[in-house]
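# when you get a sec, could you give me coordinates for this:
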Amino acid sequence: MVVDRPQVTPQVTDATDVTVVRRRAAAVRRRGIVVRLGLMAVPAAFFCVFFAYPVAAIVGRGLHEGGHWRFGRIGDVLGDAGIRHVLWFTCWQAAASTALTLAVALPGAYVFARLDFPGKRLLRAVVTVPFVLPTVVAGSAFLALLGRGGFTDSLWGVRLDTSVWAILIAHVFFNYAVVVRTVGGLWAQLDPRQEEAARMLGASRPAAWRQITLPALGPAVAAAALMVFLFTFTSFGVVQILGGPTYSTLEVEIYRQTAQLLDLPTAAVLTLVQFAAVGAILAVHAWTVRRRESTLRLVDAGTTAHRPRGGERALLGGVLAVIALLILLPLGVLVARSLDGPDGYGFTFYRSLNSLGTSSTFVVAPLETVGNSLRYAAVATVIALAVGGLAAAALVRRAGRLVRGFDALLMLPLGTSAVTVGFGFLITLDKPPLDLRSSWILVPLAQALVGVPFVVRVMLPVLRAVDDRLREAAAVLGASPLRVWREIELPLVGRALAVAAGFAFAVSLGEFGATVFIARPDSPTLPVAVARLLGRAGPDTYGQAMALSTILMLVCAASLLVLENLRPRAKGADPSPGEF
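Below is the predicted model:
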């Protein structure tokens, strides 16, 4: 027996060690669940109070008449052949716009992620400008390019206004930056040595890209496609101006039923249809992403860019040509119209923005809207980063239906009518304890609703690409969740955080649909001021609208350029020669 004891003791010790490790791992998992629920609490409360409650109230008001629920109205509306045609066109044009945007913008995502050339940062800021322009302004610019006497009419005698092609091209103009920045943000951090290793083993460049890089980019491409689809699915200003009376989306029809016909029941039914369609889209997206997610090797983005070589020079030239025709040309039209005054080219319209003039369009000088927009957008960005950052951290690890439903909830504002949200704010947030109707914070809250989904979609693919074993090892060694985030995740997602901040600021700066209903008369934003000027007849107010739109464009470009220069670099790394 004495001889056997040395053999028994190590076995007991090993079993004890295994038990301790298992208990510690179980404790880590339980703590992870508690932390996840805690992270979800703030975003869930934010969306319930400032999204679900206002939208449910406006839909309920439309379907609840005379003390009874009138659900039969749903069948009446959906049985209308005209409404079914609107629904079909809404889905068709959104799918076509998404496919065309991906085809045009993915080469741009590669160029901005992997190539180094002069003026890169400035150009990356410029391509984001269209995303914040009010749709009515961009629609007017494309009408000048594609309509009577425009670019295509003068060169080829072809008018594209009142056609579906004008709508599709304008949607690519708006959403080009979504693909470039969402996909390019992850692409820049993928380790190029993995693709190089595949080529050394005999794979061709296209085969290596298709088998190595494309699967890694899958979640980011899916996120970009989802955002583009949702934005084009709820397209309003572009379709209304360029589509003419022939084409109408659900968003246009909701506006018409609400603001022109005062038919809230029909508008409520169409809002429910939007919810159902968006829910189906989000379910397909979640299923696709779950099948494609994998742990990736991420590196500092500053180490992956290189000077163009070989065929990359032609690719760079092609991307620059697309940007010049698709983005710079329409923006140039805005600048030209803002300078085309009654006495020739000059700054007449800009000078007039500093005074009220003889009209009663504004309570304050239009130029004061610049400061209003910057303050609102800054506060909205902070809110969006806080709410979206917590949500993204909660969604990092794969989970059950509850968390997937929470993910879908975060995307609903992108697929919901801004008209519905704006009216919902007016009828719900005017009583204690949420009497915010006269408060300035109401505008940033509405803007943050649109910014949060971008923060989540930009940060989530990068967060999920971080190896879970790093987090688990740190947690087992006793690190708190805050320390794990600070020392492991934050250094890897710093660039994604800067991209997310840029997107949140840009969409907040240009948000119009909900802001137009809740902005106070003495504190309008730039998009609201532009819309008010465009709503008044006369060449002077139109010129002022173009001047104010140009200021909005320049403010956005400058703000995004500042964010580009603030993005994190690797320690000790010098700026690359091609960075602006």
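# contacting residues for residue 424?
53, 54, 55, 57, 58 (C-beta atoms under 8 Å, 6 or more residues apart in numbering). Just so you know, the C-beta spots here come from the backbone N, C-alpha and C atoms, and that holds for glycine as well.
# what's the separation between the nearest residue to residue 342 once chain neighbours are set aside and residue 194?
Leaving aside its sequence neighbours, residue 342 sits nearest to residue 348 (C-beta to C-beta, 6 or more residues apart in numbering; 6.7 Å). Between residue 348 and residue 194 the computed distance is 57 Å (C-beta to C-beta, to the nearest Å).
# quick one, which of those two is more surrounded?
residue 348 (18 against 14; other C-beta atoms under 10 Å).
# surely that one and residue 341 touch.
Yes. Using C-beta atoms under 8 Å, residue 348 is in contact with residue 341, at 3.6 Å.
# which residues are common contacts for those two?
In contact with both residue 348 and residue 341: residue 543, using C-beta under 8 Å, 6+ apart.
# now stretch 231-244: how far from the chain's centre is it?
Averaging C-alpha positions (C-alpha atoms, centre = their mean, to the nearest Å) puts stretch 231-244 17 Å from its chain's average.
# next, give phi and psi for the residue minimising distance to the centre of the chain.
Centroid check for the chain by C-alpha atoms, centre = their mean gives residue 454 as the closest residue, at 4.0 Å. When read as degrees, to the nearest 10, the backbone of residue 454 gives phi -70, psi -40.
# which pLDDT value belongs to the closest residue to it other than its chain neighbours?
Of all residues not flanking residue 454 in the chain, residue 503 sits nearest, at 4.1 Å (C-beta to C-beta, 6+ apart). pLDDT for residue 503: 76.
# can you verify my assumption that residue 503 contacts residue 451?
Yes. With contact defined as C-beta under 8 Å, residue 503 counts as touching residue 451 (7.1 Å).
# which neighbouring elements make contact with the host helix or strand of residue 383?
Secondary structure from DSSP states H and E places residue 383 in helix 369-394. If you count contacts as 3 or more C-beta pairs under 8 Å, 6 or more residues apart in numbering; DSSP states H and E, helix 369-394 packs onto helix 5-47, helix 401-411, helix 442-465, helix 490-510, helix 526-534, helix 539-566.
# gap between the fourth one and the chain center?
Right, helix 490-510. Remark: helix 490-510 is offset 10 Å from the chain centroid, using C-alpha atoms, centre = their mean.
# next, the buried residues of that helix.
492-510 (16 or more other C-beta atoms under 10 Å).
# again, but for stretch 116-135
Judged by neighbour count (16+ other C-beta under 10 Å), stretch 116-135 contains these buried residues: 116-117, 120-121, 123-135.
# cool, stretch 84-104 as well?
86-87, 89-91, 93-94, 97-98, 100-102, 104.
# tell me the average confidence for that stretch?
In this model, stretch 84-104 has a mean pLDDT of 91.
# how about residues contacting it?
So stretch 84-104 is in contact with 78, 164, 167-168, 171-172, 175-176, 178-179, 221, 224-225, 228-229, 232-233, 235, 239, 247-253, 273, 277, 322, 326, going by C-beta under 8 Å, 6+ apart.
# among these, which lie within helices?
78, 164, 167-168, 171-172, 175-176, 178-179, 221, 224-225, 228-229, 232-233, 239, 250-253, 273, 277, 322 (DSSP state H).
# which of those residues are buried? Put it as a PyMOL command.
Selecting only the buried entries of those in PyMOL, with 16+ other C-beta under 10 Å as the criterion:
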select buried, resi 164+167+168+171+172+175+176+178+179+221+224+225+228+229+232+233+239+250+251+252+253+273+277+322
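# what residues are up against the nearest residue to residue 227 once chain neighbours are set aside?
Closest residue to residue 227 apart from its sequence neighbours, by C-beta to C-beta, 6+ apart: residue 178 at 5.3 Å. Applying C-beta under 8 Å, 6+ apart to residue 178 gives the contacts 101, 105, 131, 224, 227, 228, 231.
# residue 178 and residue 70, how far apart?
Noted for residue 178: a distance of 39 Å to residue 70, by C-beta to C-beta.
# could I have the CA atoms of stretch 536-545 written out in PDB?
Output of stretch 536-545 as PDB, limited to C-alpha atoms (Å, rounded to 0.1, in the frame of the first residue of the first chain):
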ATOM      1  CA  ARG A 536     -40.200  78.700 -51.400                       C
ATOM      2  CA  ALA A 537     -40.400  79.800 -55.100                       C
ATOM      3  CA  GLY A 538     -37.900  82.200 -56.600                       C
ATOM      4  CA  PRO A 539     -34.300  82.100 -57.900                       C
ATOM      5  CA  ASP A 540     -33.000  83.900 -54.800                       C
ATOM      6  CA  THR A 541     -34.200  81.300 -52.300                       C
ATOM      7  CA  TYR A 542     -33.100  78.500 -54.600                       C
ATOM      8  CA  GLY A 543     -29.600  80.000 -54.900                       C
ATOM      9  CA  GLN A 544     -29.500  80.300 -51.100                       C
ATOM     10  CA  ALA A 545     -30.500  76.600 -50.800                       C
END
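# let me know whether residue 512 touches residue 531 as I believe.
Yes. The criterion here is C-beta under 8 Å, and residue 512 meets it with residue 531 at 6.6 Å.
# of these two, which one has the most company?
Higher neighbour count among residue 512 and residue 531: residue 512, with 24 against 20, using other C-beta under 10 Å.
# measure the more buried one to residue 546 for me?
The gap separating residue 512 from residue 546 is 16 Å, by C-beta to C-beta.
# then residue 94?
29 Å.
# picking that back up, just flag the most distant two among the contacts of residue 178.
105 and 231 (13.4 Å; C-beta to C-beta).
# anything in contact with each of the two?
Counting by C-beta under 8 Å, 6+ apart, the residues touching both residue 105 and residue 231 are 175, 178.
# gap between stretch 514-528 and the chain center?
That offset, for stretch 514-528, works out to 21 Å (C-alpha atoms, centre = their mean).
# wait, stretch 71-87
30 Å.
# buried ones in it, by neighbour count?
Buried, per 16+ other C-beta under 10 Å, within stretch 71-87: 73, 77, 83, 86, 87.
# closest one of the contacts of residue 178 to residue 146?
The closest of those to residue 146 turns out to be residue 101 (C-beta to C-beta; 17.6 Å).
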